[in-house]
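A.B. asks: got a predicted structure plus its sequence, pasted below:
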Amino acid sequence: EPEVTQTPSHQVTQMGQEVILRCVPISNHLYFYWYRQILGQKVEFLVSFYNNEISEKSEIFDDQFSVERPDGSNFTLKIRSTKLEDSAMYFCASSDWGGAFFGQGTRLTVV
Amino acid sequence: SQQGEEDPQALSIQEGENATMNCSYKTSINNLQWYRQNSGRGLVHLILIRSNEREKHSGRLRVTLDTSKKSSSLLITASRAADTASYFCATDTNTGGFKTIFGAGTRLFVKA
């Protein structure tokens, strides 16, 4: 069964460093998303991406964040200068018209 | 504005009992989805119901949707200890882009 894969599963980084979280969406999906979940809190929408551009973003998705689809298969989330409060699980998702399917997440720990 | 809101926040039942979780939302939707999340793990897609559907089944899961009341319910029949998880409803809205907005979830604990 097709699935969304994310790498790495866990990333530890120092405050101020740049991180890139990687995702391979389901191959025939056209819509891609990033979400985050701070420990013990709800899943929060960050950004949606369609047709090689951002279609919607939340207030969380400020200038420190960027997304890219560098080739036909990968979808990345970059955080330019990480802060302690960026520590969270980051989930990638992709969808067609049949619902959004999520990866297992990358646990980002900023120290 | 907040979309999915699950009720109750937490539910504890015995194995074999049925579990019912409810979700309410505020604006018009295209689809409503239910997900399961085991502690610290990924989100597993359980079932999607479209706005023109009223009921859907998948194994031990039964989902209903009442668009007039902007509410949905997830029924898990004959629960098992392995069903212990958090359950989220999520709504898709086409407001110039597609995004799935999650509620805070219902934490289900099934006692063996």
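C.D. replies: Cool, the structure landed.
A.B. asks: quick check: closest non-adjacent residue to residue 34.
C.D. replies: By default, I'm working from chain A. Counting by Cβ to Cβ, 6 or more residues apart in numbering or on different chains, A:Trp34 lies nearest to A:Leu46, which is 4.3 Å off, once chain neighbours are set aside. All C-beta atoms are positioned from the backbone trio N, CA, C, and that covers glycine.
A.B. asks: wrong one, I was asking about chain B
C.D. replies: Excluding the flanking residues, the one nearest B:Trp34 by Cβ to Cβ, 6+ apart is B:Leu46, at 4.5 Å.
A.B. asks: which secondary structure element contains the one you found?
C.D. replies: Using DSSP states H and E, B:Leu46 sits in strand B:43-50.
A.B. asks: please save the CA atoms from that strand in PDB.
C.D. replies: Presented in PDB, the C-alpha positions along strand B:43-50 are these (Å, rounded to 0.1, in the frame of the first residue of the first chain):
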ATOM      1  CA  LEU B  43      -1.400   9.700  12.200                       C
ATOM      2  CA  VAL B  44      -3.200   6.800  10.700                       C
ATOM      3  CA  HIS B  45      -6.000   7.500   8.300                       C
ATOM      4  CA  LEU B  46      -9.100   5.600   9.400                       C
ATOM      5  CA  ILE B  47     -11.900   6.700   7.200                       C
ATOM      6  CA  LEU B  48     -13.100   9.500   5.000                       C
ATOM      7  CA  ILE B  49     -16.700  10.600   4.600                       C
ATOM      8  CA  ARG B  50     -17.700  13.000   2.000                       C
END
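A.B. asks: model confidence over it, on average?
C.D. replies: In this model, strand B:43-50 carries a mean pLDDT of 91.
A.B. asks: I'd like the next helix or strand past that strand.
C.D. replies: Counting by DSSP H and E, what follows strand B:43-50 is strand B:55-58.
A.B. asks: quick one: contacts of the helix or strand following that next one?
C.D. replies: Per DSSP H and E, the first helix or strand lying C-terminal to strand B:55-58 is strand B:61-66. Around strand B:61-66, the neighbours that count as contacts under Cβ atoms under 8 Å, 6 or more residues apart in numbering or on different chains are B:32, B:34, B:46-47, B:49, B:51, B:53-57, B:71-77.
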